[in-house]
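1. Predicted model and sequence below, questions to follow.
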Amino acid sequence: MMLIPCPWCGDRLDAEFTCGGEAHIMRPDPATASDAEWADYLFMRENPKGLHHERWFHAHGCRRWFHMTRDTASHRIVAVYAITESAPEASG
Amino acid sequence: MAEAWQRQSPLARRSPMDDDTGAGLAMTEREFLAKITVRGKVADDAIRDALGIALPGEPNTACSGKDHAILWLGPDEWLVVGPPDTEKELVSTLATALPDAAVIDVTEGYATIRLGGPLAREVLSMGTPLDLHPREFAAGAATRTLFARTTVILHKISDDPVFDIHVERSQAEYLWTWLETASRPYRDALR
């Protein structure tokens, strides 16, 4: 069991949330992107052991998306920030 | 709204759980309460004029008046609860007062279970990791949360404590049985 700090509702059970995968993926311009760039955008995802920026959705609560930086090895939650914000300068 | 003659609560066949043990745990259904979802831009003044109560602006809170309660569900989403059979008037009142919001009647979509008594918190704690201690979840607190594997809207009416649990109609009977089962040890122990 893990408690996730929703920026609106506060600490909630992880089962209330849906993980939306890696955050901050930028869509390349389809007119100029090469096949490799497009494939990278569509299919390739980071799979780090350590800090990872993710999108999360509070499905059974306020029904809001937000960003979370989480350590995939320890499940330590480093930062929670709005869906409109870009990744914080992550440290330790 | 369903025609009156064919309208049936999903909990119509369940008998209320009385506080016959003296333990202080009672469960009843609050049948056919008017429930309206409001989403969008909602002006505090407009709500005050329409219903005479303030709009809860903080997460996990609700504002209650004599007849109505407004529950915060999300940054642009609220649930308005009113007396039975008032949903039509309530929808038109709210729709007029709030031109920039979607006002949806969800009366038939939800059932409401009222759980009250000193042991209510103990029983509820079995279904959610939410801190229900009055220090954290005082009278007037309300939230949508995962409870006993189903999504509910939990509203603490008073510090007695009395809780109202709004649950989707199709989950109502399941939740009712779950709460009955969860209360059994307490009731048996004190019988």
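-> Right, received. Where do you want to start?
2. What residues are recorded as beta-bridge partners of the residue most central in space within chain A?
-> Centroid check for chain A by Cα atoms, centre = their mean gives A:E54 as the closest residue, at 1.1 Å. Judged by DSSP bridges, the bridge partners of A:E54 are A:E22, A:M68.
3. residue contacts, it?
-> By Cβ atoms under 8 Å, 6 or more residues apart in numbering or on different chains, the residues touching A:E54 are A:C19, A:G20, A:G21, A:E22, A:A23, A:H67, A:M68, A:T69, A:R70. Placement of C-beta: from N, CA and C, glycine included.
4. cool, and B:E122?
-> Neighbours of B:E122 in contact, by Cβ under 8 Å, 6+ apart: B:Y186.
5. Around chain A, which positions in chain B sit nearby?
-> Contact residues, chain B versus chain A (Cβ under 8 Å from any Cβ of the partner chain): B:59-60, B:73-75, B:77, B:128-130, B:143-146, B:151.
6. one more time with 7 Å
-> B:P59, B:N60, B:L73, B:G74, B:P75, B:P129, B:T143, B:R144, B:T145, B:L146, B:T151 (Cβ under 7 Å from any Cβ of the partner chain).
7. Using pLDDT, spot the least trustworthy of those residues.
-> In terms of pLDDT, the lowest of these is B:P129, showing 91.
8. Give me the phi and psi for it.
-> When read as degrees, to the nearest 10, the backbone of B:P129 gives phi -80, psi 0.
9. mind listing what the residue nearest to it when sequence neighbours are not counted touches?
-> In this structure, B:P129 finds its nearest non-sequential neighbour in A:L13, 5.0 Å apart by Cβ to Cβ, 6 or more residues apart in numbering or on different chains. Contacts of A:L13 were listed using Cβ atoms under 7 Å, 6 or more residues apart in numbering or on different chains, and they are A:M1, A:L3, B:P129, B:L146.
10. go on, A:G61?
-> A:G61 neighbours (Cβ under 7 Å, 6+ apart): A:C6, A:C9, A:R12, A:E16, B:T143, B:R144, B:T145.
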